[in-house]
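Participant: After the sequence you'll find the predicted model.
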Amino acid sequence: MDVVETNLIEDLKNVKTQEKAFRQLVSTYKERLYWHIRRMVVNHDDADDVLQNTFVKVFRSIDNFKGDSKLYSWMYRIATNESITFINQRAKKAGISSEEVKDKLVNNLQADVYFEGDEIQLQLQKAIATLPQKQQLVFNMKYFDDITYNEMSEILDTSVGALKASYHHAVKKIEVFLTN
Amino acid sequence: MKNKKLHTDNLPSGFTTPKDYFETFEVRLFEQLHTETVIPKKEGFTTPDTYFDGLEDTLSQQLFTQEETKVIPLHNKKNYLKYIGYAAAACILFLGAINFFQIGKTEISIDNLVNSEINTFIENDLIALNNYELMTVFDEENIDIATLFEVTLNETETIDYLEKNVDPYDLLIE
């Protein structure tokens, strides 16, 4: 962990400096976390809710952050868990699987004000929705966020080898879906 | 000063590569390029204008704005006294309710009276019953006369009594 990050964490834990530090934290990481969340929950309003919940949780749990990983990895993990929880809660409420929830969200994309993709981009989202939840995560993080396998391993608590295999399979499935 | 030419050939750097790294490099590179031609790198998602600009303010308001809230102390002497009063009133009502329902159910029977009180009642002629009425209460078959009188009769006293109180003529007629 670098000096800047260490100082930020200390300021977040200090009552006198925490508000300013929190604003800095949000400013630094909001867009990266937002897009990660958005890819999972698809809808902008839902992504906004999950993003806010993520930052609130980060702030309230900052005393529990031990510094054994990078701050961003820790926040990314919280964002991932909050997104999964959101999907799973919606699935439970509707009495369907989380994959079916994602499917429904993607099917609503065409009418979504905050989706300006073309046909191939819409098909891409449908293709991603066919993947198991974890495989979707791996693909999005590697392909769109350019997160390294080592960082991903830290965030998802999965071995690098398993992540590489998962990504490879995800790519193949999506390519087949898009080319058929 | 002579320029010393460093021989970099065959100098071990200490770094290594995975097996067949260079042999498979081109295959992997072209695979990646192919993937990016088939799968778009942009997804088409957008956000409302100025969405990210206002996020710090929105979140700071959630976490750092303190609203005035009514503080209800958990430990308050007045509250304790109040609760004790409530408990006492509840106990009184409960006992009263039990007592109320018990009165209607209590039947006073002759068994409740102490024998000494009955004896006193009879000896002082407070009982309204005469001997005949008393006898009708008892089943004659169950009464053993001998058990009623524990006094044993003296022969001399008996003869004296008969001579004084009984007319022999009356005995003959019976």
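Facilitator: Received the coordinates, thanks.

Participant: switch to C-alpha atoms for all contacts and neighbour counts from now on
Facilitator: Will do.

Participant: What is the neighbour count of whatever residue of chain B ends up closest to chain A?
Facilitator: Using C-alpha to the nearest C-alpha, the single residue of chain B nearest to chain A is residue B:44, 3.8 Å away. When neighbours are counted by other C-alpha atoms under 10 Å in any protein chain shown, residue B:44 registers 16.

Participant: before we move on, what about residue A:25?
Facilitator: Neighbour tally, residue A:25, other C-alpha under 10 Å: 20.

Participant: Check which helix or strand it maps to.
Facilitator: helix A:18-41 (DSSP states H and E).

Participant: Could you give the separation of that helix from the chain centroid?
Facilitator: Offset of helix A:18-41 from its chain centre (C-alpha atoms, centre = their mean, to the nearest Å): 11 Å.

Participant: check contacts around the residue nearest to residue A:123 when sequence neighbours are not counted.
Facilitator: Nearest non-adjacent residue to residue A:123, counting by C-alpha to C-alpha, 6 or more residues apart in numbering or on different chains: residue A:178, 6.8 Å away. Residue A:178 makes contacts with A:120, A:123, A:124, A:127, B:38, B:39, as judged by C-alpha atoms under 8 Å, 6 or more residues apart in numbering or on different chains.

Participant: Next: residue A:124.
Facilitator: A:174, A:178, B:39, B:40, B:43.

Participant: quick revisit: what packs against the helix holding residue A:25?
Facilitator: helix A:3-13, helix A:44-60, helix A:71-94, helix A:133-143, helix B:55-64 (3 or more C-alpha pairs under 8 Å, 6 or more residues apart in numbering or on different chains; DSSP states H and E).

Participant: wait, what's in contact with the closest residue in space to residue B:48 that isn't next to it in sequence?
Facilitator: Spatial nearest neighbour of residue B:48, chain neighbours left out: residue A:114 (7.3 Å); criterion: C-alpha to C-alpha, 6+ apart. By C-alpha under 8 Å, 6+ apart, residue A:114 lies in contact with A:43, A:44, B:45, B:46, B:47, B:48.

Participant: Weed out the non-buried ones from the contacts of residue A:124.
Facilitator: Among the contacts of residue A:124, the ones that count as buried by 16 or more other C-alpha atoms under 10 Å in any protein chain shown are A:174, B:39, B:43.

Participant: follow-up on the earlier one: so what does the residue nearest to residue A:123 have for phi and psi?
Facilitator: The phi and psi values for residue A:178, taken as degrees, to the nearest 10, are phi -80, psi -30.

Participant: Do you know the pLDDT at it?
Facilitator: pLDDT, residue A:178: 95.

Participant: hang on, isn't residue A:142 packed against residue A:151?
Facilitator: No - using C-alpha atoms under 8 Å, residue A:142 is not in contact with residue A:151, being 10.1 Å away.
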